[in-house]
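Q: Output the structure for:
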Amino acid sequence: MTQGNGLSDAYTETLTRLRAQPGNKSILGLKVLMWVLYSERPLRAKELCHALGVELGSTDLDHENIPALRTLLASSLGLVTIEASSSTVRLVHFTLQEHLLSDPTLFHSPHSIIAEVCLTYLNFQCVRDLSPALDSAPTTMPLLEYASFCWGEHAKKDMTENVKILALRLLDKFDEHISAQLISLHYDTTLFFLPRLDSAKGPTGFTGLHGAAFLGIVEILAAVLEMKEWDVNAKDIAFRTPLMWAALRGHEGVVKAFLEQKDINPDLADHRHGKTPLSWAAREGHEGVVRMLLDKEGVNPNGADAEYNESPLFLAAFFGHAGIINMLLERQDVNPNLVSSFLYAVPLSAAALGGHEGIVKILLEQEGIDLNHADALFGDTPLSFGVKCGHEGIVKMLLERNDIRTDIRDLKDQTPLSLALSRGHEGVARMISERAGTGSNPSDPSGQTSLPPSVWHGEERVAETQLGHDHPNTNPAHPIVPSTSPSADPNTPEGVPDCNDSASNSADSTIPSTEPPNPPPHPWWYLKFWYSLRIIGTLTRTPRQPTIDRHLIMASFVCILVFILYILPSSPPDVLSFYR
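A: This next block holds a predicted model:
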């Protein structure tokens with residue numbers, strides 16, 4: 001609602017004056033408002049000028065029809081303005097949007113008009129003459145990017161016969177059109193850690209069928225399928241089939257149409273990452289698509305990709321899609337302990353790392369779930385992942401299990417308790433310390449039983465000091481003696497023996513070292529190191545173009561490694577942000 005009748009009356013009066021303008025000014029002013037109001041994203045000034053210069057039914061762009069920016073602003077009578085920081089056109093106030101949308105008779109079929117303008121622009125001869133190997137839209141065609149990415153969104157909202165005719169004209173020989181190239185390159189860069197396409201080759205294989213699957217318009221897909229005989233399992237330059245694109249984008253109607261094709265292979269993996277349509281749908285959280293694929297004969301629910309051995313269950317657990325986890329586990333043939341080569345972890349570890357409590361709860365209810373799986377890369381268990389990230393709810397759920405072990409050390413010789421203390425997670429450390437004091441651990445390295453594992457390396461007294469606990473010392477092999485040295489470092493907790501000094505570890509020692517123990521390396525470093533390996537692997541798979549010098553490529557590798565290992569902050573802003 002607009003703020004008061006006064007503001008609404010002012011808008012109404014301005015619109016009345018706008019309609020009363022002489023000549024084409026009134027039509028131009030209304031078109032400006034329509035585009036600004038219904039565009040999928042804020043339009044830049046040059047984009048809007050080109051959009052308003054398109055004459056429907058024409059075959060090429062007439063530059064004399066493109067209005068000047070000041071003409072657009074004048075015809076709108078101050079109802080739109082230019083955002084100085086981004087050069088985008090916007091309404092003068094958000095209440096104007098509410099006012100315009102409250103009158104459904106103001107604009108007739110705006111989305112079909114915008115879709116028709118975009119498709120007319122893409123079918124212009126000057127656009128078709130552009131090389132499909134370009135990796136960006138030329139500056140002389142400012143509307144090309146918006147038209148390529150957004151015409152389908154407008155067509156979904158209002159499909160007309162003219163829009164369908166123009167769409168089929170575009171999708172015919174789509175793999176020779178620059179629009180296919182822009183779509184492929186744009187979506188390729190939105191998936192981090194995926195190697196870039198070789199733009200010099202153009203959108204090879206990205207046919208009209210791939211384009212229709214990408215856009216997700218069932219009506220357009222049905223018309224494309226009738227155009228000619230297609231290989232429904234054909235792969236484009238990104239090694240994806242049309243079904244993969246539809247599954248990845250979550251277009252349920254299009255996926256259903258493809259699964260009804262008699263020659264379709266629903267479990268075909270792409271050569272680039274080894275992911276099947278089910279893996280892509282599970283990764284992106286498209287529950288409806290996952291359900292349809294699981295119901296299709298021939299789909300392997302445990303199909304792990306060839307790149308990181310990530311199963312659909314692992315991907316859903318890592319990205320927090322609980323609904324998909326439930327769907328997969330409803331099947332008796334899904335393995336909840338399949339190890340991925342990404343951190344060499346199981347789905348439970350992935351869920352703990354991401355902080356997905358609901359998924360951890362679901363997985364803990366599964367019979368035979370491996371609670372204590374230690375990955376081969378750093379020796380982390382699901383409990384270790386939960387501790388490192390400070391997920392108290394997950395740690396609590398894990399500690400409630402009788403078969404959970406709190407004494408497993410990672411490859412840096414750290415227990416979950418020492419990890420919690422080094423990260424400053426007091427609540428997590430308190431829970432682990434209380435659980436360790438119950439004597440549930442089988443034995444310490446020297447054969448003693450029923451002891452908190454922190455006693456073995458001098459961690460118990462630290463836990464007592466920080467958490468207010470007082471576990472009795474029942475292990476004579478590792479006595480804890482109060483410090484009596486006047487020169488003891490005041491920053492060193494009382495009674496902590498120096499593990500680096502053999503004398504301090506003996507039963508006869510009474511004076512611990514005055515040197516405080518070195519803090520363990522920050523857990524964020526192991527992720528930074530792993531991500532650097534993944535980026536290097538990605539870049540080494542990037543197709544090399546002959547114009548790029550090999551020394552420049554190697555220098556880029558070194559710069560990326562330096563940035564990740566030394567410039568990135570020592571604490572993670574978001575554990576998952578690098579993988580999304």
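Q: need the helix or strand of the chain with the lowest average pLDDT.
A: helix 460-467 (a mean of 48; mean pLDDT, DSSP states H and E).
Q: Give me the distance from the helix or strand residue 220 falls within to the chain's centre.
A: Using DSSP states H and E, residue 220 sits in helix 218-227. Remark: helix 218-227 is offset 31 Å from the chain centroid, using Cα atoms, centre = their mean, to the nearest Å.
Q: Tell me the helices and strands packed up against that helix.
A: Applying 3 or more Cβ pairs under 8 Å, 6 or more residues apart in numbering; DSSP states H and E, one finds that helix 218-227 contacts helix 161-171, helix 208-215, helix 252-259. No exception for glycine: its C-beta is placed from N, CA and C like everyone else's.
Q: what about these, which gets the closest to residue 372?
A: helix 252-259 (38.4 Å; Cβ to Cβ).
Q: tell me what the closest one is packed against?
A: helix 208-215, helix 218-227, helix 242-249, helix 287-295.
Q: And the helix holding residue 220, what's buried?
A: Judged by neighbour count using 16 or more other Cβ atoms under 10 Å, the buried positions of helix 218-227 are 218, 220-221, 223-225.
Q: Stretch 312-332 now?
A: For stretch 312-332, using 16+ other Cβ under 10 Å, the buried residues are 312-322, 324-325, 327-329.
Q: Next, check those against the helices and list the overlap.
A: Mapping the buried residues of stretch 312-332 onto helices (DSSP state H) picks out 312-319, 322, 324-325, 327-329.
Q: low pLDDT regions in the stretch 401-550 of the chain?
A: Applying pLDDT under 70 to the stretch 401-550 of the chain picks out residues 437-550.
Q: Please apply the same query to the chain.
A: 1-5, 188-203, 342, 437-557, 560-580.
Q: if we can go back for a sec, kindly reformat the helices and strands packed on helix 252-259 as JSON lines containing distance to residue 424.
A: Below are these laid out as JSON lines (distance: least, Cβ to Cβ, whole Å):
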{"stretch": "helix 208-215", "distance to residue 424": "46"}
{"stretch": "helix 218-227", "distance to residue 424": "53"}
{"stretch": "helix 242-249", "distance to residue 424": "39"}
{"stretch": "helix 287-295", "distance to residue 424": "38"}
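Q: returning to what we had before: can you show me the CA trace of the helix holding residue 220 as CSV?
A: The C-alpha coordinates for helix 218-227 follow below in CSV (Å, rounded to 0.1, in the frame of the first residue of the first chain):
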residue,chain,number,x,y,z
VAL,A,218,7.4,-27.9,-21.4
GLU,A,219,5.4,-26.4,-24.3
ILE,A,220,8.6,-25.3,-26.0
LEU,A,221,10.2,-28.7,-25.4
ALA,A,222,7.3,-30.5,-26.9
ALA,A,223,7.5,-28.3,-30.0
VAL,A,224,11.3,-28.8,-30.3
LEU,A,225,10.9,-32.6,-30.0
GLU,A,226,8.5,-32.4,-33.0
MET,A,227,10.9,-30.4,-35.2
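Q: Residue 335 versus the closest residue to residue 324 other than its chain neighbours, what's the distance?
A: For residue 324, ignoring the flanking residues on the chain, the nearest one in space by Cβ to Cβ, 6 or more residues apart in numbering is residue 316 at 4.1 Å. Separation of residue 316 from residue 335 (Cβ to Cβ, to the nearest Å): 14 Å.
Q: ok, and for stretch 298-305, which residues are buried?
A: So, applying 16+ other Cβ under 10 Å, buried residues of stretch 298-305: 299, 301, 303-305.
Q: Please identify which helix or strand holds residue 82.
A: Going by DSSP H and E, residue 82 is part of strand 80-83.
Q: Just checking: what are the partner strands of that strand?
A: strand 88-91 (antiparallel) (DSSP bridges).
Q: other SSEs contacting whichever helix or strand comes after the strand it pairs with?
A: Note on strand 88-91: by DSSP H and E, the next helix or strand toward the C-terminus is helix 94-101. Under the contact criterion of 3+ Cβ pairs under 8 Å, 6+ apart, helix 94-101 touches helix 4-19, helix 25-38.
Q: Put the alpha carbons of the last one into PDB.
A: It refers to helix 25-38. Written as PDB, here are the backbone C-alpha positions of helix 25-38 (Å, rounded to 0.1, in the frame of the first residue of the first chain):
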ATOM      1  CA  LYS A  25       5.900  10.200 -25.800                       C
ATOM      2  CA  SER A  26       3.000   8.600 -23.900                       C
ATOM      3  CA  ILE A  27       3.600   5.200 -25.400                       C
ATOM      4  CA  LEU A  28       7.300   5.500 -24.700                       C
ATOM      5  CA  GLY A  29       6.700   6.500 -21.100                       C
ATOM      6  CA  LEU A  30       4.400   3.600 -20.500                       C
ATOM      7  CA  LYS A  31       6.900   1.200 -22.100                       C
ATOM      8  CA  VAL A  32       9.700   2.500 -19.800                       C
ATOM      9  CA  LEU A  33       7.500   1.900 -16.700                       C
ATOM     10  CA  MET A  34       6.600  -1.600 -18.000                       C
ATOM     11  CA  TRP A  35      10.200  -2.700 -18.500                       C
ATOM     12  CA  VAL A  36      11.400  -1.300 -15.200                       C
ATOM     13  CA  LEU A  37       8.500  -2.900 -13.400                       C
ATOM     14  CA  TYR A  38       8.500  -6.400 -14.900                       C
END
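Q: What are the contacting residues of it?
A: 18-21, 43, 48, 51-52, 67, 71-72, 74-77, 79-80, 89-91, 97, 100-101, 106-107, 110-111, 113-114, 154 (Cβ atoms under 8 Å, 6 or more residues apart in numbering).
Q: Narrow the residues you listed to just the buried residues.
A: 18, 21, 43, 48, 51-52, 67, 71-72, 75-76, 79-80, 89-91, 97, 100, 106-107, 110-111, 113-114, 154.
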